[in-house]
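Participant: Structure of the sequence below:
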Amino acid sequence: MKSELKYAGDCVIKKIKADMREKPKKYSLHLKRIVVSEIVDGNLFIQEAMDKYYISSKVTIINWLKKRDEYYFPAV
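Facilitator: Residues are numbered from 1 along each chain as shown. Predicted coordinates:
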């Protein structure tokens with residue numbers, strides 16, 4: 001009986017962990033423009049922008065910087 005309970009408990013824990021995974025966040029174009037411009041203008045470092053705007057990943061901002069022409073001059 002204990003093994004059945006343990007197995008059931010593991011299944012419950014796995015389900016809870018799966019539910020707790022973060023969904024990818026979507027940031028507005030407006031926020032991307034603000035963050036990119038502040039970094040490019042030298043007002044903020046990447047880590048400071050992450051803290052100020054609650055952005056969890058450095059890679060996210062780096063990707064925005066790589067695509068900054070798209071954010072300033074979007075295709076019409």
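Participant: and the helix or strand hosting residue 49, what does it pack onto?
Facilitator: Following DSSP states H and E, one finds residue 49 within helix 46-53. Judged by 3 or more C-beta pairs under 8 Å, 6 or more residues apart in numbering; DSSP states H and E, the packing partners of helix 46-53 are helix 29-40, helix 58-66. (Glycine included, C-beta is placed from N, CA and C.)
Participant: TSV please, covering these and showing mean pLDDT and distance to residue 48.
Facilitator: What follows is these, written out as TSV (pLDDT from 0 to 100; distance: least, C-beta to C-beta, whole Å):
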stretch	mean pLDDT	distance to residue 48
helix 29-40	93	9
helix 58-66	95	10
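Participant: Arrange the ones you listed in JSON lines, one row each, with mean neighbour count and distance to residue 52 as further columns.
Facilitator: Shown next, in JSON lines, are the helices and strands packed on helix 46-53 (neighbours: other C-beta atoms under 10 Å; distance: least, C-beta to C-beta, whole Å):
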{"stretch": "helix 29-40", "mean neighbour count": "16", "distance to residue 52": "8"}
{"stretch": "helix 58-66", "mean neighbour count": "14", "distance to residue 52": "11"}
